[in-house]
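S.K.: turn this into a model:
(one chain, ligands or ions: 2)
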Amino acid sequence: MEDCNKFWSGVVADLNTKISTVSYDVWFSKLVPIAFDDSNIVLVAPQKNYKSILNSEFKATLISCIKNQDTFVEDFIVITNDEKEKYLKTLSPPESLGLFNENFTFENFVVGESNQIAYAAALAVAKEPGKLHNPLFIYGGVGLGKTHIMHAIGNYIKNINPYKRILYVNTEQFINDFIDSISNNKDNEQNRKFRQKYRDIDVLMLDDVQFLSGKRGTQEALFHTFNELYQTHKQVILSSDKHPKELVFLEERLQSRFQSGLTVDITAPDLETRIAILKRKALTKKANVAPCVINFIAEKIDSNIRELEGALSKVLFFCSLADKEPDNITVVTEALKDYIEITTHAVSIDTIVDASCAYFNISKQEIVGKKKLKQTVLARQISIYLINDLLGVPLATIGSYFGGRDHTTIIYARDKITEQEKTDNLLALQIRDIRAIINKK
Ligand code: ADP
Ligand code: MG
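M.R.: Numbers count the residues shown, from 1 in each chain. Ligands and ions are numbered 1, 2, ... in the order given. Have a look, this model is predicted:
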């Protein structure tokens, strides 16, 4: 708690240089920081309307001040006083804002096809910094785990050897430090501080080097810093949203330095990995989340892991406010309705039925017919459940599609699958696969 106050006072100091006193007094002076949630700082506002104002008008400014603090915090969440208690219950136990985010460890990093090479390289570097891959350059899109991996390396090395001097900084911080160091020519003290901070270390991690764009002076300083560290066998780890070759604004000599070690990428996670990440997240939050809920989120959000986690947090938050359990699709769709587009318009009854038929290898006549074979009945019931879930078509309409069954039969099928999906892992898996087939159409 103390940490988040300290963090917030840094943000406030920065904010005051960027917005008017009146704006500050009205919208910021009454905010109270209460916790960190993943990479967010949680702020309590006195009234509801703060949420929309802070999330629109001041969003960009606030985020940039947050990032300027150069910690793991990257974004904010605003809640009202009434929501505070319930919100706190959804959080994992409080963590301290040390050098590295304690949650960003190798253990908490779910490994899949999209990141296994980056993971292996990072672990190797963490075990023997300065020996194997120097520099290690990690690149990939937003929210795919670059910062997490860097912190994991930091946590790992610190654990083994607390005396290692490891510096993690965001490139924006590096730029600021460089500017400070030259802002007063006569002041050699600043210059000395810069050198000490960046050269008197064992490991340098520089996050998001794409921000070096247009910063000639800083690039030069980095080039010298890099050489000195490299020559003394100190480890350098860099991250960026693109391959070094594509960082066209970089001085050529820096570009070639960046590529002289090992370059690895992280791509968007596949469905299995997304599900595993959500499961892990639910576990650390000590939340009991039904497989159908996890699968649903994993299917809907397929590119950015930060958003994936954000969606889960939203669902848990929604459930705690509404006193509901995260155990059915209705709750999720309600919780996320402003967040993602829930109804896939391209999907029709036919698409769903075709997907089930394909999955169970049965014909359309069979599925709408009277057959009572176990597989056929299951395929029929899952289709009914999915049609109701994805399309919200009236029950009678579904009934007539399935050979004139009456609506109680449809309700029975829907409720049976809804219940069974909560406990039956195989069924949850089958439904997930069928949803995936539907989504591909
Ligand atoms: P980037 O720096 O690439 O933009 P981050 O490292 O900040 O992304 O990751 C965004 C969020 O996703 C973090 O909360 C992080 O813990 C989580 N995350 C990313 N990759 C994984 C993974 N493989 N396993 C578990 N969590 C992950
Ligand atoms: Mg990052």
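S.K.: C-alpha from now on. contacts and neighbour counts both.
M.R.: Fine.
S.K.: surely Tyr370 is in a helix?
M.R.: If you look again at residue 370, you'll see it is Lys, not Tyr. No - secondary structure assignment places Lys370 outside any helix; it is coil (DSSP: H, G, I helix; E, B strand; the rest coil).
S.K.: ok, Asp302 - contacts?
M.R.: By C-alpha atoms under 8 Å, 6 or more residues apart in numbering, the contact set of Asp302 is 268-271, 274, 308.
S.K.: can you pick the most crowded of these?
M.R.: For those, the largest number of neighbours (other C-alpha atoms under 10 Å) sits with Arg274, at 26 neighbours.
S.K.: and the spatially most central residue of the chain, how far from Asp38?
M.R.: Nearest to the geometric centre of the chain sits Arg306, at 1.2 Å (C-alpha atoms, centre = their mean). Separation of Arg306 from Asp38 (C-alpha to C-alpha, to the nearest Å): 9 Å.
S.K.: still on that earlier bit, which strand or helix spans the residue nearest to the centre of the chain?
M.R.: Assigned by DSSP states H and E, Arg306 belongs to helix 305-322.
S.K.: can you give the distance of that helix from its chain's centre?
M.R.: 12 Å (C-alpha atoms, centre = their mean, to the nearest Å).
S.K.: list the buried residues in the next helix or strand after that helix.
M.R.: The element immediately downstream of helix 305-322 (helix or strand, assigned by DSSP H and E) is helix 329-335. In terms of neighbour count (16 or more other C-alpha atoms under 10 Å), helix 329-335 has its buried residues at 329, 331-333, 335.
S.K.: ok, stretch 281-296 next?
M.R.: Quick answer for stretch 281-296 (16+ other C-alpha under 10 Å): 281-282, 285, 287, 289-296.
S.K.: pLDDT below threshold where in the stretch 1-150 of the chain?
M.R.: The stretch 1-150 of the chain contains residues with pLDDT under 70 at 1-2, 91-98.
S.K.: can you pull the residues of it lying near ligand 1?
M.R.: The stretch 1-150 of the chain has residues 38, 104, 108-111, 142-148 near ligand 1, with proximity defined as C-alpha under 6 Å from any ligand atom.
S.K.: save those residues as JSON lines, and put in secondary structure and distance to Ile182 too.
M.R.: Shown next, in JSON lines, are these (DSSP: H, G, I helix; E, B strand; the rest coil; distance: C-alpha to C-alpha, whole Å):
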{"residue": "Asp38", "secondary structure": "coil", "distance to Ile182": "35"}
{"residue": "Phe104", "secondary structure": "coil", "distance to Ile182": "34"}
{"residue": "Asn108", "secondary structure": "coil", "distance to Ile182": "40"}
{"residue": "Phe109", "secondary structure": "coil", "distance to Ile182": "39"}
{"residue": "Val110", "secondary structure": "coil", "distance to Ile182": "42"}
{"residue": "Val111", "secondary structure": "coil", "distance to Ile182": "43"}
{"residue": "Val142", "secondary structure": "coil", "distance to Ile182": "32"}
{"residue": "Gly143", "secondary structure": "coil", "distance to Ile182": "33"}
{"residue": "Leu144", "secondary structure": "coil", "distance to Ile182": "35"}
{"residue": "Gly145", "secondary structure": "coil", "distance to Ile182": "33"}
{"residue": "Lys146", "secondary structure": "helix", "distance to Ile182": "30"}
{"residue": "Thr147", "secondary structure": "helix", "distance to Ile182": "28"}
{"residue": "His148", "secondary structure": "helix", "distance to Ile182": "32"}
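S.K.: list just the nearest of these to Thr423.
M.R.: Lowest distance from Thr423 to those (C-alpha to C-alpha) belongs to Val110, with 24.1 Å.
S.K.: for that closest one, give me its contacts.
M.R.: Val110 neighbours (C-alpha under 8 Å, 6+ apart): 273, 276-277.
S.K.: now with 6 Å?
M.R.: Ile277 (C-alpha atoms under 6 Å, 6 or more residues apart in numbering).
S.K.: one more: Thr263?
M.R.: Phe137.
S.K.: just checking, next helix/strand downstream of the strand or helix carrying it?
M.R.: Using DSSP H and E, Thr263 sits in strand 262-266. Proceeding N to C from strand 262-266, the next assigned helix or strand is helix 271-284, under DSSP H and E.
S.K.: is whichever helix or strand comes after that next one anywhere near ligand 1?
M.R.: Using DSSP H and E, the helix or strand that follows helix 271-284 in sequence is helix 291-300. No - contact of helix 291-300 with ligand 1 (C-alpha under 6 Å from any ligand atom) is absent, the minimum separation being 13.0 Å.
S.K.: dump helix 291-300 to PDB, restricted to CA.
M.R.: Extracted C-alpha coordinates of helix 291-300, given in PDB (Å, rounded to 0.1, in the frame of the first residue of the first chain):
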ATOM      1  CA  PRO A 291     -13.800 -23.900 -18.100                       C
ATOM      2  CA  CYS A 292     -16.500 -22.500 -20.300                       C
ATOM      3  CA  VAL A 293     -15.800 -19.000 -19.100                       C
ATOM      4  CA  ILE A 294     -12.000 -19.400 -19.700                       C
ATOM      5  CA  ASN A 295     -12.600 -20.900 -23.100                       C
ATOM      6  CA  PHE A 296     -14.900 -18.100 -24.100                       C
ATOM      7  CA  ILE A 297     -12.500 -15.400 -23.200                       C
ATOM      8  CA  ALA A 298      -9.600 -17.200 -24.800                       C
ATOM      9  CA  GLU A 299     -11.500 -17.500 -28.000                       C
ATOM     10  CA  LYS A 300     -12.700 -13.900 -28.100                       C
END
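S.K.: mean confidence for that helix?
M.R.: Per-region confidence: helix 291-300 scores 88 on mean pLDDT.
S.K.: tell me the least confident of the buried residues of helix 329-335?
M.R.: Ile329 (83).
S.K.: how close does the closest residue to that residue other than its chain neighbours sit to Ala311?
M.R.: Computed as C-alpha to C-alpha, 6 or more residues apart in numbering, the closest residue to Ile329 that is not its neighbour in sequence is Val293, at 5.9 Å. Computed as C-alpha to C-alpha, the Val293 to Ala311 distance reads 11 Å.
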